[in-house]
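**Q** Structure of the sequence below:
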Amino acid sequence: MNIELYIVASVFIIMVWHFAFNTNPKDFGLFQMIGVFVFGGAVGYFMNSVEVAILISLVLSLIFI
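**A** You can find the predicted model right below:
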């Protein structure tokens, strides 16, 4: 798994999501989203797939946030 690619994609997705919904920096949802993406990255790392990591992160962020 290319971890640099996952970090860049995750930062881009989190920034777009953050600016699209216009959340406050004090909003706890942003930290939850970062945690979900870290968890998705860990699962993707063990499965050796960037696509699985991004898919799990997006699905979990849509469910829990």
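**Q** Please count neighbours and contacts with C-alpha atoms only from this point.
**A** Noted.
**Q** Could you look up the SS state of the spatially most central residue of the chain?
**A** Nearest to the mean C-alpha position of the chain, by CA atoms, centre = their mean, lies Phe37 at 3.0 Å. Judged by DSSP: H, G, I helix; E, B strand; the rest coil, the three-state class of Phe37 is helix.
**Q** Was I right to think it contacts Ser57?
**A** Yes. If you go by CA atoms under 8 Å, Phe37 and Ser57 touch, sitting 5.0 Å apart.
**Q** close enough to count as contact, Val52 and Ala42?
**A** No. Val52 is beyond contact range of Ala42, at 10.3 Å (criterion: CA under 8 Å).
**Q** which one of the two has more residues nearby?
**A** Neighbours of Val52 and Ala42, each counted by other CA atoms under 10 Å, are more numerous for Val52; the result is 16 against 13.
**Q** show me what contacts that one?
**A** 40, 43-44 (CA atoms under 8 Å, 6 or more residues apart in numbering).
**Q** In helices, which of those appear?
**A** Taking DSSP state H as the definition of helices, the contacts of Val52 contribute 40, 43-44.
**Q** Name the nearest of those residues relative to Gly29.
**A** Gly40 (16.2 Å; CA to CA).
**Q** Is it correct that that closest one is in contact with Ile56?
**A** Yes. Counting by CA under 8 Å, Ile56 is a contact partner of Gly40 at 5.4 Å.
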